[in-house]
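Engineer: what shape does this take:
(2 chains)
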Amino acid sequence: MKNKTLKIDILARVEGEGGLKLKISNGIVKDVQLKIYEPPRFFEAFLRGRDFREAPDITSRICGICPIAYQLGASHAMEEICGVKVEGQLKALRRLIYTGEWIESHVLHAFMLNAPDFFEAGSVIQLAQAYPEVVKNALRMKKAGNQIMIVLGGREIHPVNLRLGGFYKVPKKRDLSALLEEIKWSTQAAVDSLKFISKFEFPEFKQNYEFLALSDPDEYAILGGRLVSNCGINLPINEYDNCLVEEHVPHSTALHSHLKGAGTCLLGPLARYNLNFEQLTPLAREIAFEAGLGRHCYNPFKSILVRMVEVIYAFEEAERIIEAYEEPDSPAIEVNPRAGTGYGATEAPRGICYHRYTIDDNGIIQDSKIVAPTSVNQSRIEKDLWDLVQANVGMTDEKLKFFCERAIRNYDPCISCSTHFLTMDIERD
Amino acid sequence: MKHGLSSSKILLIGIGNEFREDDGLGLYICRHDKIGRLQNLVIKENSGDGMTMMDAWKDEGTVVLIDAVRSGRAAGTIFHFDLLKDPLPPDLFNISTHNIGIPDCIILSEKLGLLPEKLIFYGVEGKNFGHGKKLSPVVKTAADILIDQIFADCESGNFRGLKV
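Structural biologist: From the prediction side, this is the model:
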């Protein structure tokens, strides 16, 4: 009997810190553990007792990559409690800043973290050496996303201009129009980048996923919608807790979240693409097909293509919103507290980011729950790794380790979000 | 000749987080009154996002970076490097998981032809990186020495540096 244990102590090029442990016995995979060892951050606990207006800014600190997902999820939940619905241009501006977040996150992942895998390169530096123009264009696209965040949010990381009911200050039409030239350039750059990436060699690996995403009858869901899956789920977001359950597993400081009674599901770009494809723009759909993506995609290694399809969509959507923009009369709707429980969910770059809050009549937060998309994807990643390792069990340990790391990067896991990680304080004397 | 700023201007980038004690070193220095008196400086603050930093320096002549260092050396140690001549010691910074750090940015900029003409680094080994807006006394003492040095170097255009 031959047993072996493979360990990857620190996963590279993922957001946060995690590792992987595989157990193989006589060529059979016995255990796969995606180990997340970042300490919990206790955001949900220290939100209790805080004013409801503070939730967007506090929760945005969970992640420097997707702060908008937290700000808007918290805002939607609080606004629901207080009977406020943000519509019209304010809603459009929220969608616009969210496109900025998608762009910067997706481009960062596609080119800086994921693309080097297809060249067996250690980092984007080797990629830059081989294809400098491709990397330069990626940096310029990311900057265009950053600019949307800056104009609307005040800064690209942890924006400060969002609040319950809208914004502290809304941009002038000319402020947004000034972004258009770069956005239009970036749309074409994203098309060219997708065509470039489509020439990569993708491992053959398909899984029978249950995809879970938000769905909105009017648009490719970003800001909200119903919880839908390809296996029959169709629920309002206030049923989230009846649909997904969190559990602690010994090897991860991040809670694992999965479908009640039905196991794992996958959130994120692949889920959105498979469930909401028809709501992408004609150009995004056309280039997706040209890039070899079918109407459905079950290969996680092709998620890099889907991310770039979403980047095309995000740039086009940004252009559409800016062209139609008229400065609203007021930057925000007044939100006054009243006791209740509210729910908010948006499509973060990595998938559904869920918030639930209970506040009292004075607006003091009594209870909160936040589920980052990586919490849901973790168990799905482990399941995929299990199948992937089994199918490639004959690989040398070194190749298998690289292949697993690469597979994990397909999901762009944000380990920091899922553990609500905070760097430990260190005092040296 | 680069064309981002006029040739006499120096871009000074203060890097860090003002809410994490000594991590705020770069911001403390670039906000200091004495540095503000320099007429030939353009000052930018950066939270540590390497790609934003690359974008800031790509068309510039002389760029000065100021950042806190976590290398295990004695707190208050002052560092000075001419980054286009001296490679940064690999242990000078903690690896960032979210962003491309300064060493990678320099290499990436080199591959992409985005380096400024001159890239100078000043840093101080930090002691505390917890919550708080104050620099630790040993780091503040070093920062004040460094402010005088940066003032003199930027004024003269001769980045000779100082090691303490």
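Engineer: secondary structure element holding residue A:207?
Structural biologist: Counting by DSSP states H and E, residue A:207 is held by no secondary-structure element, helix or strand.
Engineer: need the contact list for it.
Structural biologist: Neighbouring residues of residue A:207 by Cβ atoms under 8 Å, 6 or more residues apart in numbering or on different chains: A:298, A:299, A:300, A:383, A:384, A:387. Every C-beta, even on glycine, is put in place using the N, C-alpha and C of the backbone.
Engineer: any idea of the pLDDT on the closest residue to the first one other than its chain neighbours?
Structural biologist: Taking Cβ to Cβ, 6 or more residues apart in numbering or on different chains as the measure, residue A:298 lies nearest to residue A:206, with 4.3 Å between them; neighbours along the chain are not counted. Model confidence at residue A:206, expressed as pLDDT, equals 93.
Engineer: backbone phi and psi for residue A:206, please?
Structural biologist: With angles defined as degrees, to the nearest 10, residue A:206 sits at phi -120, psi 140.
Engineer: that one: neighbouring residues, count only.
Structural biologist: 12 (other Cβ atoms under 10 Å in any protein chain shown).
Engineer: residue A:132 too?
Structural biologist: For residue A:132, using other Cβ under 10 Å, the count is 15.
Engineer: and the nearest residue to it once chain neighbours are set aside, what pLDDT?
Structural biologist: Leaving aside its sequence neighbours, residue A:132 sits nearest to residue B:112 (Cβ to Cβ, 6+ apart; 5.1 Å). Listed pLDDT for residue B:112 reads 91.
Engineer: from the contacts of residue A:207, which two are the most distant?
Structural biologist: The span of those, defined through Cβ to Cβ, is set by A:299 and A:383 at 14.9 Å.
Engineer: which parts of stretch A:270-279 are buried?
Structural biologist: Buried residues in stretch A:270-279, counted by 16 or more other Cβ atoms under 10 Å in any protein chain shown: A:270, A:271, A:272, A:273, A:274, A:275, A:276, A:277, A:279.
Engineer: what's the separation between the last one and chain B?
Structural biologist: Here the criterion is Cβ to the nearest Cβ, to the nearest Å. By it, residue A:279 lies 30 Å from chain B.
Engineer: contact partners for that residue?
Structural biologist: A:216, A:219, A:220, A:221.
Engineer: how is the last one assigned, secondary-structure-wise?
Structural biologist: Counting by DSSP: H, G, I helix; E, B strand; the rest coil, the backbone at residue A:221 sits in coil.
Engineer: do I have it right that it meets residue A:212?
Structural biologist: No. Contact criterion Cβ atoms under 8 Å: residue A:221 and residue A:212 do not qualify, at 11.7 Å.
Engineer: circling back: filter the contacts of residue A:207 down to just the buried residues.
Structural biologist: A:299, A:300, A:383, A:384, A:387.
Engineer: pLDDT, secondary structure and distance to chain B added to these, as CSV?
Structural biologist: Putting the buried ones among the contacts of residue A:207 into CSV (pLDDT from 0 to 100; DSSP: H, G, I helix; E, B strand; the rest coil; distance: Cβ to the nearest Cβ, whole Å) gives the following:
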residue, pLDDT, secondary structure, distance to chain B
A:299, 97, coil, 26
A:300, 96, helix, 21
A:383, 92, helix, 25
A:384, 93, helix, 22
A:387, 94, helix, 27
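Engineer: check the gap between the residue nearest the centre of chain A and chain B for me.
Structural biologist: Centroid-nearest residue in chain A, with Cα atoms, centre = their mean: residue A:350, separated by 2.0 Å. Per Cβ to the nearest Cβ, residue A:350 is found 13 Å from chain B.
Engineer: got a pLDDT number for the closest residue to that residue other than its chain neighbours?
Structural biologist: Distances taken as Cβ to Cβ, 6+ apart place residue A:373 nearest to residue A:350, at 4.3 Å, with adjacent residues excluded. On pLDDT, residue A:373 comes in at 91.
Engineer: pretty sure residue A:373 contacts residue A:345?
Structural biologist: No. Look at residue A:373 against residue A:345 with Cβ under 8 Å: they stay out of range, at 10.2 Å.
Engineer: where does chain B dip in pLDDT?
Structural biologist: B:1-7, B:90-100, B:161-164 (pLDDT under 70).
Engineer: going along the chain, name the helices of it.
Structural biologist: Using DSSP state H, the helices of chain B run over B:25-30, B:33-36, B:50-57, B:102-112, B:137-156.
Engineer: show me what the shortest one is in contact with.
Structural biologist: Helix B:33-36 is touched from outside by B:12, B:29, B:41, B:43, B:147, B:148, B:150, B:151, B:154, with contacts defined as Cβ under 8 Å, 6+ apart.
Engineer: near chain A, which residues of chain B?
Structural biologist: By the rule Cβ under 8 Å from any Cβ of the partner chain, the part of chain B lying against chain A is B:47, B:49, B:51-52, B:54-55, B:75, B:97-100, B:104, B:107-108, B:111-114, B:127-131.
Engineer: list only those of those flagged as buried.
Structural biologist: B:47, B:49, B:51-52, B:54-55, B:75, B:97-100, B:104, B:107-108, B:111-112, B:114, B:127-129.
Engineer: what pairs with residue A:214 across the strands?
Structural biologist: Counting by DSSP bridges, residue A:214 is bridged to residue A:227.
Engineer: surely it meets residue A:227?
Structural biologist: Yes. Look at residue A:214 against residue A:227 with Cβ under 8 Å: they come within range, at 6.6 Å.
Engineer: looking at those two, which is more packed in?
Structural biologist: With neighbours defined as other Cβ under 10 Å, residue A:214 and residue A:227 compare such that residue A:214 has more, 26 against 21.
Engineer: between residue A:373 and residue A:345, which contacts overlap?
Structural biologist: A:352, A:353.
Engineer: hmm, back to that, what's near enough to touch the residue nearest to the centre of chain A?
Structural biologist: With contacts defined as Cβ under 8 Å, 6+ apart, residue A:350 is in contact with A:66, A:105, A:267-268, A:372-374, A:377, A:411-414, A:417.
Engineer: coming back round to it: number of residues surrounding the residue nearest to residue A:350?
Structural biologist: 29.
Engineer: quick one: it from residue A:212, how far?
Structural biologist: To residue A:212, residue A:373 is 10 Å away according to Cβ to Cβ, to the nearest Å.
Engineer: show me where chain A dips below the pLDDT cut-off.
Structural biologist: Those would be A:1-2, A:6, A:8-17, A:37-40, A:120-121, A:414-429, if you go by pLDDT under 70 across chain A.
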